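In: give me coordinates for this.
(chains A and B)
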There are 2 protein chains.
Amino acid sequence: MTLKVYADRMSQPSRAIIIFCKVNGIDFEEARIDLSKGQHLTPEFQEINPMKKVPAIVDGRFKLFESHAILIYLACVFPGVADHWYPADLFQRAKIHSVLDWHHSNLRRGAATYVLNSTLAPLLGRPLNPVAAAEGEKVLSASLKKIESFWLKGRGRFLLGSSQPSIADLSLVCEIMQLELVNEKDRERILGPHQRVMKWIDDTKNATRPHFDEVHSVIYKVKEKLKKLQSERAIGETLSTSKTALQSKM
Amino acid sequence: MTLKVYADRMSQPSRAIIIFCKVNGIDFEEARIDLSKGQHLTPEFQEINPMKKVPAIVDGRFKLFESHAILIYLACVFPGVADHWYPADLFQRAKIHSVLDWHHSNLRRGAATYVLNSTLAPLLGRPLNPVAAAEGEKVLSASLKKIESFWLKGRGRFLLGSSQPSIADLSLVCEIMQLELVNEKDRERILGPHQRVMKWIDDTKNATRPHFDEVHSVIYKVKEKLKKLQSERAIGETLSTSKTALQSKM
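Out: Next up is the predicted model:
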């Protein structure tokens, strides 16, 4: 039975799983769970993941959720996966676990909070929240600084000084790619000071082409949609301001 | 060279590592890093963990931080550790990873935010924050509900229906034990509705005695200190109220 991956490509951990499968030639069926339509909240999907989140997988009778757990599982059970993704060496593996655990309360928390509250919320029917966005940006910037100064230390182009990417590179870079949704000025302000991070993103893209770009293409479509929404809102606000100005003259 | 564990027993993941070592007969040296004295911020400790957090370990020339990564490492490299702590079986292991990953953004986030902002902050020289405490409690209660209804499902007494504890039981129970610091009424309100969680805490205590109680004894000492601090503050407030009342009568 083919591996089934329940995912929404707008979710950064979903993209990491899909890219991992494609790069490693793992045969899988993608079941789209559209978050913007609330498909993760249906009773059918709760049978797959009671936490109502993507990604999740079903492999035969085995169900699993949480993207890092899934990446480790896939790297271990599919024989074609090259060792560098999740090395058998216990010391290298321990360091990868350390990056992945660190990620949850740092880069993930900062980036997801910032992008949701500064940009994405209206698409999910929620208001923007500048206070939450500012808090998210603080955690995000501190995390990027730690990636630049500590996790990318060493000779190699990838995390932990490796010469080839691991599941940690894939998970973290997919998270940072969510910043493509944000407007250019803000993205430049946040990422600009971290040249080594920018180079590492490119290196990870290059190591996983053409799948990386193909799986991320959805982001640019949503970005267009967001721009349209923002310009409609701006026109709405201008009209409403003109109306108020007219009324006050009357 | 003996394994060195850098820890503060007031930190819940530090306690999980120490208990794990003691229960499994792992020879180690405990290096106390007193968080209340800012010892995690010294340049010496940053050589051990640049993220300035406990726990961290040094095993020969190998340094590691992030408690889940440490627990997995210890379970893999020390031959005396029983399989149930971190099973060799890939499917069981994947489920344990899933619990551990889930923990970061759910139970850990909720409990740590709640305890800090409702109770612990004054000991660290920070003010209490009722708004942040309420947000933390929401995440904490939702997490306890998920543990009760999902992770503890099945026949066994431990997470994932197991008959013996894993590193996930130890990590999550040490987190919940932090609630011992909170006043009884609040603790009862939060934990009371989750009878199965309460039983699981007892089962985990019993499976790791006497080390569990010994390592947690510090919590009860700090609780006494907190009570004293609270009653001094209450007296201070009463005096200041009486003074205001007197002044208004004058």
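
In: any regions of chain A where pLDDT drops low?
Out: Scanning chain A for pLDDT under 70 picks out the ranges A:237-250.

In: residue contacts, residue A:6?
Out: A:31, A:33, A:45, A:48, A:49, A:54, A:55, A:56, A:57, A:58 (C-beta atoms under 8 Å, 6 or more residues apart in numbering or on different chains). Yep, even glycine has a C-beta here, placed from its N, CA and C like the rest.

In: is it true that residue A:123 touches residue A:226?
Out: Yes - judged on C-beta atoms under 8 Å, residue A:123 makes contact with residue A:226 at a distance of 6.6 Å.

In: could I get the full set of strands for chain A?
Out: When assigned using DSSP state E, the strands of chain A occupy the ranges A:3-7, A:28-32, A:56-59, A:62-65.

In: and chain A, which residues reach chain B?
Out: A:50-51, A:62, A:64-70, A:72-73, A:76-77, A:90-91, A:94-95, A:97-98, A:100-102, A:104-105, A:108-109, A:146, A:150 (C-beta under 8 Å from any C-beta of the partner chain).

In: sorry, back to before: looking at the contacts of residue A:6, spot the one nearest residue A:131.
Out: The nearest member of those to residue A:131, counting by C-beta to C-beta, is residue A:54 at 27.5 Å.

In: let me see the contact set for that closest one.
Out: Going by C-beta under 8 Å, 6+ apart, residue A:54 touches A:6, A:7, A:8, A:11, A:13, A:14, A:33, A:35, A:40.

In: and it, how far from residue A:110?
Out: 20 Å (C-beta to C-beta, to the nearest Å).

In: residue A:100 too?
Out: Where residue A:110 is concerned, residue A:100 sits at a distance of 16 Å (C-beta to C-beta).

In: now residue A:236
Out: Applying C-beta to C-beta to residue A:236 and residue A:110 gives a distance of 31 Å.

In: again with residue A:197
Out: Distance from residue A:197 to residue A:110, by C-beta to C-beta: 13 Å.

In: could you do residue A:178 as well?
Out: 11 Å.

In: same deal with residue A:46?
Out: Distance from residue A:46 to residue A:110, by C-beta to C-beta: 29 Å.

In: let me see the contact set for residue A:50.
Out: Neighbours of residue A:50 in contact, by C-beta under 8 Å, 6+ apart: B:146, B:150.

In: so how far is residue A:40 from it?
Out: Taking C-beta to C-beta, one finds residue A:50 at 11 Å from residue A:40.

In: that older thread, of residue A:236 and residue A:110, which one has the most company?
Out: residue A:110 (22 against 10; other C-beta atoms under 10 Å in any protein chain shown).

In: count of neighbours near residue A:187?
Out: Around residue A:187 there are 14 residues (other C-beta under 10 Å).

In: tell me the contacts of the nearest residue to residue A:46 once chain neighbours are set aside?
Out: Closest residue to residue A:46 apart from its sequence neighbours, by C-beta to C-beta, 6 or more residues apart in numbering or on different chains: residue A:52 at 6.2 Å. By C-beta under 8 Å, 6+ apart, the contact list for residue A:52 reads A:40, A:41, A:45, A:46.

In: can you select the buried ones among those for me in PyMOL?
Out: To isolate the buried members of those in PyMOL, using 16 or more other C-beta atoms under 10 Å in any protein chain shown:
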select buried, chain A and resi 40+45
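
In: go through stretch A:92-112 and flag the buried ones.
Out: Neighbour-count burial for stretch A:92-112 flags A:92-112 (criterion: 16+ other C-beta under 10 Å).

In: next one: stretch A:209-223
Out: For stretch A:209-223, by 16+ other C-beta under 10 Å, it's A:211, A:212, A:215, A:216, A:219, A:222.

In: and which of these is nearest to residue A:129?
Out: residue A:222 (19.2 Å).

In: what's the end-to-end length of stretch A:47-67?
Out: 17 Å (C-alpha to C-alpha, to the nearest Å).

In: swap that for stretch A:48-68, sorry
Out: 17 Å.

In: residue contacts, residue A:179?
Out: Counted by C-beta under 8 Å, 6+ apart, residue A:179 has contacts A:111, A:115, A:187, A:190, A:191.

In: could you report the separation of the residue nearest to residue A:223 when sequence neighbours are not counted from chain B?
Out: Distances taken as C-beta to C-beta, 6+ apart place residue A:181 nearest to residue A:223, at 5.6 Å, with adjacent residues excluded. Residue A:181 is 21 Å from chain B, where distance means C-beta to the nearest C-beta, to the nearest Å.

In: I figured residue A:181 hits residue A:120, correct?
Out: Yes - counting by C-beta under 8 Å, residue A:181 sits close enough to residue A:120 to count as a contact (6.2 Å).

In: so what sits against both of those two?
Out: residue A:226.

In: residue A:161 reaches residue A:150, doesn't it?
Out: No - in this structure, residue A:161 is not within contact of residue A:150 by C-beta under 8 Å, at 10.8 Å.

In: and the helices in chain A?
Out: A:12-23, A:43-48, A:67-77, A:90-103, A:109-115, A:130-146, A:167-177, A:184-191, A:195-207, A:211-249 (DSSP state H).

In: nearest to residue A:156, out of the ones you listed?
Out: It's helix A:195-207; of the helices of chain A, that one is closest to residue A:156 (C-beta to C-beta) at 9.4 Å.

In: give the contact list for residue A:41.
Out: residue A:52.

In: how close does it sit to residue B:225?
Out: 45 Å.

In: wait, what's in contact with the closest residue to residue A:90 other than its chain neighbours?
Out: Sequence neighbours aside, residue B:76 is the residue nearest to residue A:90 in space, at 5.3 Å (criterion: C-beta to C-beta, 6+ apart). Contact analysis of residue B:76 by C-beta under 8 Å, 6+ apart lists A:90, A:94, B:86.

In: ok, those vs residue A:204, which is closest?
Out: residue A:94 (21.6 Å).

In: from what I can see that closest one touches residue B:69, true?
Out: Yes - taking C-beta under 8 Å as the definition, residue A:94 is a contact partner of residue B:69 at 5.6 Å.

In: overlap in contacts, these two.
Out: Contacts common to residue A:94 and residue B:69, judged by C-beta under 8 Å, 6+ apart, are absent.

In: before we move on, the earlier item: what sits in contact with each of residue A:123 and residue A:226?
Out: With C-beta under 8 Å, 6+ apart, residue A:123 and residue A:226 have no common neighbours.
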